[in-house]
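*Asks:* structure, please.
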Amino acid sequence: VLTASFALNCYAETTQEQIDSKKAEQKETQADYQNAQRTLKDLQGKKNDKEAYLTELNTQMTKLKDNLADLQKQYDDKQVELDGVQAELDNAEADRQQQYEDMKLRIQYMYENDMKSSYLDLLLDADSFGDFLNKAENISAITSYDRDMLKKYEDTIQLVQEKEEKVKEEKAAIETLQSE
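*Replies:* Okay, here's the model as predicted:
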């Protein structure tokens, strides 16, 4: 009986140890499970944060694409405007050069023909008072035409300067758009 009680007692201790060991394993497994749950929640939160950040970056990228498209349109518009202003400048420069050549010829003619004394001679050669008035009116019309042509030339020079300034401004605006 004594031997059987020792064997039974040993067996009971072994079973109790196994139960305690299993309970300890269960607690450890439960702690590992809870740690895994916390880690999973942390990872889920990080995933959500990254998704929100990605959404924000996508929104920013869309805005940047829209802004880039707008800047490209502005650039294209400015380039067209610059081309138009450049064409106007070229035309104004051609007009200025033609007017300059015409004025050179007129001044050369006036110098070679001594127009001041020619005007006086023309008036003194008048046959009658009516002829004198007609010649005076013609001389007045010629000098008025010369003044108008000089004024037109000065205006053309001013226009060329304005167009050159406009071209510089448009080029600066284009450079600004390119840098943006």
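*Asks:* and the contacts of the helix or strand of the chain with the lowest mean pLDDT?
*Replies:* The helix or strand of the chain with the poorest confidence is helix 115-124; it has a mean of 71 (mean pLDDT, DSSP states H and E). Defining contact as CB atoms under 8 Å, 6 or more residues apart in numbering, one finds that helix 115-124 is touched by 109, 132, 135, 136, 139. (Each C-beta comes from the backbone N, C-alpha and C, glycine too.)
*Asks:* just the buried ones from those residues?
*Replies:* The neighbour-count test (16 or more other CB atoms under 10 Å) marks 135, 139 as buried among the contacts of helix 115-124.
*Asks:* ok, of the contacts of helix 115-124, which one's closest to residue 30?
*Replies:* Using CB to CB, residue 109 comes nearest to residue 30 of the contacts of helix 115-124, at 116.0 Å.
*Asks:* and that closest one, helix, strand or coil?
*Replies:* helix (DSSP: H, G, I helix; E, B strand; the rest coil).
*Asks:* about what we covered before: so which of the contacts of helix 115-124 are in helices?
*Replies:* 109, 132, 135, 136, 139 (DSSP state H).
*Asks:* tell me the contacts of the last one?
*Replies:* Residue 139 makes contacts with 119, 122, 123, as judged by CB under 8 Å, 6+ apart.
*Asks:* just the CA trace of the least confident helix or strand of the chain, in CSV.
*Replies:* C-alpha atoms of helix 115-124 as CSV (Å, rounded to 0.1, in the frame of the first residue of the first chain):
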residue,chain,number,x,y,z
MET,A,115,14.3,125.2,-100.6
LYS,A,116,14.3,128.3,-98.4
SER,A,117,15.3,130.5,-101.2
SER,A,118,13.2,128.5,-103.6
TYR,A,119,10.1,129.2,-101.6
LEU,A,120,10.9,132.9,-101.6
ASP,A,121,11.7,132.8,-105.3
LEU,A,122,8.5,130.9,-105.9
LEU,A,123,6.4,133.5,-104.1
LEU,A,124,8.2,136.4,-105.8
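*Asks:* thinking again about what came up before, in TSV: the contacts of helix 115-124, plus pLDDT and distance to residue 34.
*Replies:* Listed next are the contacts of helix 115-124 as TSV, based on pLDDT from 0 to 100; distance: CB to CB, whole Å:
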residue	pLDDT	distance to residue 34
109	80	110
132	86	124
135	84	120
136	87	118
139	82	115
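*Asks:* all good on my end, thank you.
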